[in-house]
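Asker: Kindly generate the corresponding structure for this input.
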Amino acid sequence: MFVGIRLPELEAETKDRVQILVRDLAASNAAAELYELPPMHLDQEQERDRMMHFVRAQVPTATEANGDRLLQLIDRFPGVLERWLSGTHRETMESMEDLERVAADAQRFRYREFDKLLPGLPPDQRRLAMRICDLPQMDESAWWAYEGMLVSGLEPGLVDELSIAGVLETTVPAPSFGHDTRHQAARVWFAERPQFQGALKGETESLIYEASARFHGIDEPSLPFGIALRAIGEAAGLPLVSQGPKALLAAARYLFQDVASDMPGSLDSGIRPALAARPESVALIARALYNRGVSKGQSGDAPGEIADYTAVLELPNAPVEQQAQALLGSGVARIQDGERDNACDQLREALALSRQGSVAGLAEVIQHLLDEMCSKREESLDD
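Answerer: Residues are numbered from 1 along each chain as shown. Below you'll find the model as predicted:
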């Protein structure tokens with residue numbers, strides 16, 4: 001005899017009672033065996049194609065949809081197919097957005113254990129859970145980089161406590177909610193509940209400030225924090241953060257030259273509050289302004305390019321490297337714009353800065369420009 005039990009049940013109490021009865025039966029009777037069905041197996045191309053053919057034949061909206069995107073939405077969870085195929089949704093879904101919305105509803109239902117696990121967490125456990133789901137899934141190297149900022153200001157031992165409570169599925173090599181969809185579902189769970197939205201906003205902003213303060217330049221120790229900031233900005237369920245953190249998220253996009261996705265003005269309007277909250281974030285902001293200046297120069301906006309380089313120079317305590325690069329960029333832009341005298345002055349300043357510390361490699365480039373552009377100008381004036 002086979003008995004099938006569908007999980008999760010609608011009521012947590014019923015779900016628990018059924019599971020207890022089934023496990024007691026399996027424990028007390030040697031003839032009884034318990035099998036937990038895994039998610040759908042879609043590793044083989046033939047099996048994936050067969051399912052895509054079925055979905056497109058049964059769900060009109062999916063006929064022209066991208067197959068990879070459909071597989072991503074299904075994510076091996078039969079509950080998504082069930083909702084798409086139900087009479088309620090099959091004929092009413094009219095766009096890709098509708099397919100995504102119904103799939104997201106199914107995935108949220110998939111992880112209903114959060115309704116029981118998350119509300120009663122002690123404050124520090126809840127804060128750490130929020131911080132972990134703010135970031136993308138971590139491997140061992142990412143956990144090594146992020147552990148300090150994730151546990152900052154919290155009691156020790158919280159990772160193990162969250163694992164014991166069933167919130168985290170693994171702790172080695174890094175704390176994890178499990179599957180990517182469960183990770184995202186945890187964040188969305190917090191974001192959709194008014195009683196936790198303020199706390200999530202606070203933890204997200206704190207994490208943004210911590211990551212930005214740990215970014216010191218384009219080097220191996222700093223890059224993980226730039227990546228973290230970009231991931232926070234792109235994740236589902238991002239709370240409406242304040243101007244300062246919003247500017248730092250915009251800065252992270254400029255860090256990777258992702259200019260098109262920035263909301264107009266979000267960087268400029270938030271620089272002052274960001275620096276007031278965390279002066280150490282100046283390195284990230286300086287790099288972002290410099291990169292934006294380069295992009296403006298490439299698009300032919302010379303005044304905008306020079307304005308961004310000038311903004312770098314006006315930042316309090318901007319890294320010497322960024323000041324030298326901004327002076328170099330501004331000098332070159334001014335030469336191209338016919339302002340040779342001002343350009344030469346800036347190149348000389350850049351040369352002096354480039355001879356300091358880690359930016360000495362710039363000196364040869366700047367000296368060459370001075371020899372080519374400015375020495376000839378001085379010889380012409382002497383004549």
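Asker: So which residues of the stretch 151-300 of the chain form helices?
Answerer: Secondary structure of the stretch 151-300 of the chain (DSSP state H, counting those that start in this stretch): helices at 158-164, 180-191, 194-213, 223-234, 243-255, 266-277, 282-298.
Asker: Pull out the buried positions in the last one.
Answerer: Residues 282-297 are the ones in helix 282-298 that count as buried (16 or more other C-beta atoms under 10 Å). (Glycine included, C-beta is placed from N, CA and C.)
Asker: How about the shortest one?
Answerer: Of the residues in helix 158-164, 158-159, 161-163 count as buried by neighbour count, 16+ other C-beta under 10 Å.
Asker: Out of these, which comes closest to residue 222?
Answerer: Closest approach to residue 222 among the buried residues of helix 158-164 (C-beta to C-beta): residue 159, at 24.5 Å.
Asker: In contact with the closest one: list those residues for me.
Answerer: By C-beta atoms under 8 Å, 6 or more residues apart in numbering, the contact set of residue 159 is 128, 151, 168, 171, 175.
Asker: residues near the closest residue to residue 235 other than its chain neighbours, how many?
Answerer: Nearest residue to residue 235, sequence neighbours excluded (C-beta to C-beta, 6 or more residues apart in numbering): residue 187, at 6.4 Å. Look at residue 187: counted by other C-beta atoms under 10 Å, it has 23 neighbours.
Asker: Need the pLDDT of residue 187.
Answerer: Note on residue 187: pLDDT of 89.
Asker: And the one 10 residues further on, by the same measure?
Answerer: Confidence at residue 197, expressed as pLDDT, is 93.
Asker: tell me the domain ranges of this protein?
Answerer: Using automatic domain parsing, the domain parsing of the chain gives 1-37, 45-110, 117-241.
Asker: Mean neighbour count, those: which tops it?
Answerer: Burial of the domains of the chain is given as mean neighbour count (mean count of other C-beta atoms under 10 Å); domain 117-241 ranks first at a mean of 18.
Asker: Just the endpoints, please. Distance across that one?
Answerer: 26 Å (C-alpha to C-alpha, to the nearest Å).
Asker: looking at this, residue 373 is in a helix?
Answerer: Yes - according to DSSP: H, G, I helix; E, B strand; the rest coil, the state of residue 373 is that of a helix.
Asker: quick one on the thing from earlier: dump the domains of the chain into JSON lines; add distance to residue 356 as well.
Answerer: What follows is these, written out as JSON lines (distance: least, C-beta to C-beta, whole Å):
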{"stretch": "domain 1-37", "distance to residue 356": "61"}
{"stretch": "domain 45-110", "distance to residue 356": "49"}
{"stretch": "domain 117-241", "distance to residue 356": "14"}
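Asker: Closest one of the contacts of residue 159 to residue 78?
Answerer: residue 168 (25.0 Å).
Asker: so residue 74 touches residue 103, yeah?
Answerer: Yes - judged on C-beta atoms under 8 Å, residue 74 makes contact with residue 103 at a distance of 7.1 Å.
Asker: shared neighbours of the two, anything?
Answerer: The contact sets of residue 74 and residue 103 overlap at residue 80 (C-beta under 8 Å, 6+ apart).
Asker: hang on, the earlier thing: out of the buried residues of helix 282-298, who's nearest residue 26?
Answerer: Distance to residue 26 across the buried residues of helix 282-298 (C-beta to C-beta) is lowest for residue 284, with 54.7 Å.
Asker: So which residue is smack in the middle of this protein?
Answerer: In the chain, the residue lying closest to the centroid (C-alpha atoms, centre = their mean) is residue 231, at 0.9 Å.
Asker: Now that one: closest residue in space that isn't a chain neighbour?
Answerer: Closest residue in space to residue 231, ignoring its immediate chain neighbours: residue 136 at 4.6 Å, by C-beta to C-beta, 6+ apart.
Asker: and the one you found, helix, strand or coil?
Answerer: Strictly by three-state DSSP, residue 136 counts as coil.
Asker: Now for it: which residues touch it?
Answerer: Residues counted as contacts of residue 136 (C-beta under 8 Å, 6+ apart) are 142, 183, 228, 231, 235.
Asker: Show me which of those residues is closest to residue 21.
Answerer: residue 183 (31.0 Å).
Asker: ok, now how distant is that closest one from residue 231?
Answerer: For residue 183, the distance to residue 231 equals 12 Å [C-beta to C-beta, to the nearest Å].
Asker: List the residue ranges of the chain that fall below the pLDDT cut-off.
Answerer: 6-16, 19, 36-41, 236-239, 258-264, 357-360, 376-383 (pLDDT under 70).
Asker: And residue 334, how close does it get to residue 342?
Answerer: 5 Å.
Asker: Compare neighbour counts for the two and give me the winner.
Answerer: Using other C-beta under 10 Å, the more surrounded residue of residue 334 and residue 342 is residue 334, with 22 against 14.
Asker: Quick check: chain neighbours aside, which residue is closest to that one?
Answerer: Leaving aside its sequence neighbours, residue 334 sits nearest to residue 343 (C-beta to C-beta, 6+ apart; 3.7 Å).
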